[in-house]
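>>> 3D, please:
(one chain, ligands or ions: 2)
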Amino acid sequence: MKSIKSTSDSLPGRRRFLRNVLFGAFSASLASARNLLGEVKQSYRQKKGHMYYRRLGRTNLWISEISLGGSPLPAMPILYQAIERGVNYIDSSHNYENGNCERKIGQVLKEFGRDNVYVGTKFHLRGNWSEESIINTVNGSLKRLDADYMDVCLIHGAADEKHLTDERVVGAFEKLKKQGKYRFRGLSCHSNHHKVVKEAVECGYYDMIQLAFNVSDIQDTKEDGEVYDDYLGQSGLRRLLALAKSKDVGVNAMKIFKFGGKKQNLEKYKIGETTIYQAMLKWVLENKNLTAAVIEMLTWEQLEEDLGVIGEPLSEMERRNLFRYVAENSDDYCHMCGECQANCPSRVKTTDILRYLAYYENYGKTGVAKNAYSRLKKAQTVSSCQDCGECERVCPYGVSIRKRIREAHKLLSC
Ligand code: SF4
Ligand code: SF4
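Ligands and ions are numbered 1, 2, ... in the order given. As a prediction, this is how the structure comes out:
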């Protein structure tokens with residue numbers, strides 16, 4: 001791996017000053033955190049400046065508990081502001097913003113210094129993928145990042161647990177590792193968590209996992225106690241997080257706001273100054289088995305809203321309000337378990353289609369949703385649905401799948 005050239009001499013005065021103050025102090029604190037492992041064991045997070053940092057499992061990277069998702073990244077001034085306020089991990093993929101996400105991160109790395117911002121980026125296993133195609137994709141990412149290495153190299157949306165130890169995947173990872181192209185291995189997972197996450201932890205080959213984790217699985221009880229009833233059985237996702245923790249595999253949460261989406265008018269769920277998004281974020285950050293919430297901050301308002309929760313615990317009133325929100329908005333919510341898709345005799349990609357529909361409806365990501373849908377073959381869409389109802393029979397949540405995939409087709413195929 002080449003040595004990293006300092007860029008501090010080319011930084012504008014104020015930014016260089018901020019960088020030195022912020023990262024000088026932070027690097028020193030990390031050194032002491034690493035030297036005091038006993039202290040680290042007792043404390044799952046460390047505060048520096050306004051931000052809290054948590055250890056990303058065995059990677060030993062201390063990353064900001066609010067980290068940035070890159071699909072898409074905000075405009076550069078907002079992005080710089082987020083970094084200046086302590087965000088130090090950015091999640092990307094080779095295809096986010098048609099590669100522009102990685103180009104923007106490349107600018108950030110130059111502006112703030114390669115060692116001060118961590119980047120995780122991903123490759124897909126799509127179509128006729130091979131060891132060579134993975135290596136080419138990773139090299140393409142590094143070119144756009146204008147960097148010699150990435151901190152974490154991830155499989156994007158691993159859905160088949162067998163892929164994790166497939167010789168093409170392992171072969172590519174091993175070659176790239178020898179060339180110093182990445183530091184740690186990981187994967188993101190959108191569905192089939194119970195098999196993929198379990199295998200990722202148990203096979204011992206992966207250092208971190210990024211998975212969907214949000215309030216959709218909580219339910220109220222008569223006593224206002226919090227219970228979990230996800231598709232894995234009660235608290236199944238939580239058990240997976242605990243398993244990962246026990247093997248020192250870092251876990252980042254994504255799709256925090258998936259349930260509600262940023263586009264809905266949810267003013268009525270505000271408690272005092274706390275918006276429902278802030279409550280959702282606080283709820284996720286309560287989980288000590290998670291390292292960071294990877295979220296998008298596209299506007300100045302969102303930046304303030306999201307960074308405003310740092311260090312703020314979820315109050316009991318806010319928790320009860322989350323129960324109310326979940327109860328009132330859970331109809332036809334897909335938990336992405338993958339059961340319907342696995343059992344469809346016509347091989348309709350129901351789970352994928354419902355995810356694209358969520359991009360469209362909840363996040364307002366019209367282009368992303370339509371592009372993803374257009375990549376499906378006609379035979380994988382509602383066009384080959386025989387109306388047998390098997391998907392709805394196996395769905396643990398009673399989602400009106402046939403109706404929803406018809407709606408998706410109407411919205412996403414035009
Ligand atoms: S109703 Fe359609 S989508 Fe559902 S299982 Fe049958 S063929 Fe597949
Ligand atoms: S629609 Fe139901 S069965 Fe299909 S992925 Fe979603 S929750 Fe699972």
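>>> excluding its backbone neighbours, what's nearest residue 278?
Closest residue to residue 278 apart from its sequence neighbours, by CB to CB, 6 or more residues apart in numbering: residue 309 at 4.8 Å. In short, each C-beta sits where N, CA and C put it, glycine included.
>>> the one you found touches residue 286, doesn't it?
No. With contact defined as CB atoms under 8 Å, residue 309 does not reach residue 286; the gap is 10.9 Å.
>>> quick one, which of the two is more surrounded?
Between residue 309 and residue 286, residue 309 has the larger neighbour count (other CB atoms under 10 Å), namely 23 against 12.
>>> tell me which helix or strand of the protein sits lowest on mean pLDDT?
Ranking every helix and strand in the chain by mean pLDDT, DSSP states H and E puts helix 37-42 at the bottom, with a mean of 41.
>>> picking that back up, sec struct for the residue nearest to residue 278, please.
On the three-state scheme (DSSP: H, G, I helix; E, B strand; the rest coil), residue 309 is labelled coil.
>>> next up, the contacts around it.
The contact partners of residue 309, by CB atoms under 8 Å, 6 or more residues apart in numbering, come to 66, 278, 281, 282, 285.
>>> so it versus residue 205, what's the distance?
34 Å (CB to CB, to the nearest Å).
>>> contact partners for the residue in the stretch 201-350 of the chain that ligand 1 sits nearest to?
In the stretch 201-350 of the chain, the residue that lies nearest ligand 1 is residue 344 (3.3 Å; CB to the nearest ligand atom). Contact partners of residue 344, counting by CB under 8 Å, 6+ apart, are 350, 390, 391.
>>> now the residues you listed as CSV including pLDDT?
Listed next are the contacts of residue 344 as CSV, based on pLDDT from 0 to 100:
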residue, pLDDT
350, 96
390, 95
391, 95
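>>> keep only those of these that are in helices.
350, 390, 391 (DSSP state H).
>>> quick check: PyMOL command selecting the buried ones in those residues.
Selection of buried members from the ones in helices among the contacts of residue 344 for PyMOL, criterion 16 or more other CB atoms under 10 Å:
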select buried, resi 350+391
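>>> what about the longest strand along the chain, near ligand 2?
In the chain, with assignment by DSSP state E, the single longest strand is strand 182-189. No. Strand 182-189 is not in contact with ligand 2 by CB under 6 Å from any ligand atom; minimum separation 13.3 Å.
>>> what comes into contact with that strand?
With CB under 8 Å, 6+ apart as the test, strand 182-189 has contacts from 59, 61, 120, 122, 138, 149-159, 164, 173, 176, 196-197, 200, 205-212, 250, 254.
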